[in-house]
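Trainee: What follows is a predicted protein model with its sequence.
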Protein chains: 2
Amino acid sequence: MNRRKQEKLAKAGWKVGTAAEFLRLTPQEELYVELKASLCQQLKRQRLRSHLTQEELARRVKSSQSRIAKMERCDPSVSIDLLIRSLLAIGTTRREIARAIA
Amino acid sequence: MNRRKQEKLAKAGWKVGTAAEFLRLTPQEELYVELKASLCQQLKRQRLRSHLTQEELARRVKSSQSRIAKMERCDPSVSIDLLIRSLLAIGTTRREIARAIA
DNA sequence: CCAGTATATGTCAGCCTTGACATAATGGCA
DNA sequence: TGCCATTATGTCAAGGCTGACATATACTGG
């Protein structure tokens, strides 16, 4: 958001900030969710690249369509553990995972 | 282990194999534990580099000495989530975490 | 040898994550 | 529009993870 618009909103009584500020995350929590988000995106990218539906992917990683959807949406209920196990299950290499994280 | 010794043990009725084989891990599970092990080592390295005791580190990451010990020993009861949250808590960057994983 | 510090191991109640299921929204396509 | 495939959201019992505590073991200087 540019400065102009921000000032305009401020005049109208709004506050502008990052999602982390809004959710009152500590800097560490912020890093954590960002890192997790990278893995969520990586999972979705890998799935689309493989032309799989969530249903099909779910079968491969022995999970369910709903959980795959939550993973890709980065739902708070999914762990990095599950994300990494899912990525490994569809052939993502450590190097690729590292690349997604960095 | 060299070939000679392996044959010798085989004659004596022993089987020789990797830890993964012994524990009957699937290739994916093996990748998972290896990746986790890298993070465990990284945590220990970072702690020693910072000249912290497990007790002190535990306070920083709001955990307990026993759990830190389990993390560094790569106890099955510790999750990648906790490892990553701990690493972030002591100032490890995403890049460094990625480097440890790759 | 002992005391003191650091690390390792075992246990467990309480909370968090998971797969599964139901159901709702979304997006084409005829 | 209605139908179908896909994805999103809500819920929950069962199992996994966590911090805390107790205790054991390892290490070191005196």
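Mentor: Happy to help now that I have it. Residues are numbered from 1 along each chain as shown, chains lettered A, B, ... in the order given.
Trainee: Only C-alpha atoms from now on, for both contacts and neighbour counts.
Mentor: Noted.
Trainee: Sketch out the low-pLDDT regions of chain A for me.
Mentor: A:1-24 (pLDDT under 70).
Trainee: How about the residues of chain A by chain B?
Mentor: Within chain A, the positions near chain B by C-alpha under 8 Å from any C-alpha of the partner chain are A:28-29, A:31-32, A:35, A:79-81, A:84-85, A:88-89, A:94-99, A:101-102.
Trainee: give me every residue that touches residue A:47.
Mentor: Counting by C-alpha atoms under 8 Å, 6 or more residues apart in numbering or on different chains, residue A:47 touches A:53-54, A:57.
Trainee: Now tabulate those in a markdown table and tack on distance to DNA strand C.
Mentor: Formatted as a markdown table, these follow (distance: C-alpha to the nearest atom of the strand, whole Å):
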| residue | distance to DNA strand C |
| --- | --- |
| A:53 | 13 |
| A:54 | 12 |
| A:57 | 11 |
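Trainee: I would like a ChimeraX command selecting only the buried ones among these, please.
Mentor: If you want just the buried ones from the contacts of residue A:47 in ChimeraX, going by 16 or more other C-alpha atoms under 10 Å in any protein chain shown, the selection is:
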select /A:54,57
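Trainee: excluding its backbone neighbours, what's nearest the most centrally placed residue in chain A?
Mentor: The centre of chain A sits closest to residue A:37, judged by C-alpha atoms, centre = their mean, with a distance of 2.4 Å. The shortest distance from residue A:37 to any residue other than its chain neighbours is 6.1 Å, reached at residue A:74 (C-alpha to C-alpha, 6 or more residues apart in numbering or on different chains).
Trainee: quick one, helices of chain A?
Mentor: A:3-11, A:19-22, A:27-49, A:54-60, A:65-72, A:80-89, A:94-101 (DSSP state H).
Trainee: Same list, those helices, but as TSV with distance to residue B:42 please.
Mentor: Conversion of the helices of chain A to TSV gives the following (distance: least, C-alpha to C-alpha, whole Å):
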stretch	distance to residue B:42
helix A:3-11	41
helix A:19-22	27
helix A:27-49	17
helix A:54-60	31
helix A:65-72	26
helix A:80-89	17
helix A:94-101	14
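Trainee: most packed of those?
Mentor: helix A:80-89 (a mean of 20; mean count of other C-alpha atoms under 10 Å in any protein chain shown).
Trainee: How many neighbouring residues does whichever residue of chain A sits closest to DNA strand C have?
Mentor: Scanning chain A for the residue nearest DNA strand C gives residue A:78, at 3.2 Å (criterion: C-alpha to the nearest atom of the strand). Applying other C-alpha atoms under 10 Å in any protein chain shown, we find 17 residues neighbouring residue A:78.
Trainee: Distance of it relative to DNA strand D?
Mentor: 11 Å (C-alpha to the nearest atom of the strand, to the nearest Å).
Trainee: I appreciate the help and will end here.
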